[in-house]
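*Asks:* got a sequence here, can you model it:
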Amino acid sequence: MRKKSSFIILLTGDGQLRKAAQAEGVAVIGTISILDQLYDGDYIAREEYLECLKKLQQYNGGKVRLPGKELEKRIEESKIWD
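*Replies:* Numbers count the residues shown, from 1 in each chain. Take a look at the predicted model:
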């Protein structure tokens, strides 16, 4: 049996896959968190960040499956910045 690597990070927005990976001790990060990190690290501008969030929200539910409440929360929080 192969030993599990502690250096694995899974990128997913799938809730069931996230739970299964976490149960196996695999670190998980989602698409929204990647965007957060890009913005927080000043790799993308505020406008780009919001545009990405809005596009993900627009296509969510079809091929894009992300937590809609998290997208909405970040978009709403951005209104405070104005």
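
*Asks:* residues in contact with Val64?
*Replies:* By CB atoms under 8 Å, 6 or more residues apart in numbering, Val64 lies in contact with 13, 56. In short, each C-beta sits where N, CA and C put it, glycine included.

*Asks:* bridging residues for it?
*Replies:* Val64 has these beta-bridge partners by DSSP bridges: Asn60.

*Asks:* what sits against the residue minimising distance to the centre of the chain?
*Replies:* For the chain, Ile32 is the residue whose C-alpha lies nearest the centre (CA atoms, centre = their mean; 2.1 Å). By CB under 8 Å, 6+ apart, the residues touching Ile32 are 13, 53, 56, 66-67, 70-71, 74.

*Asks:* need the per-residue pLDDT for it.
*Replies:* For Ile32, the model assigns a pLDDT of 93.

*Asks:* confirm that it sits in a helix.
*Replies:* Yes. Counting by DSSP: H, G, I helix; E, B strand; the rest coil, Ile32 falls inside a helix.

*Asks:* picking up where we left off before, and the contacts of Ile32 as TSV, adding pLDDT and distance to Ala45?
*Replies:* Shown next, in TSV, are the contacts of Ile32 (pLDDT from 0 to 100; distance: CB to CB, whole Å):
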residue	pLDDT	distance to Ala45
Gly13	75	23
Leu53	96	13
Leu56	93	17
Leu66	86	21
Pro67	87	24
Glu70	93	21
Leu71	94	18
Arg74	94	15
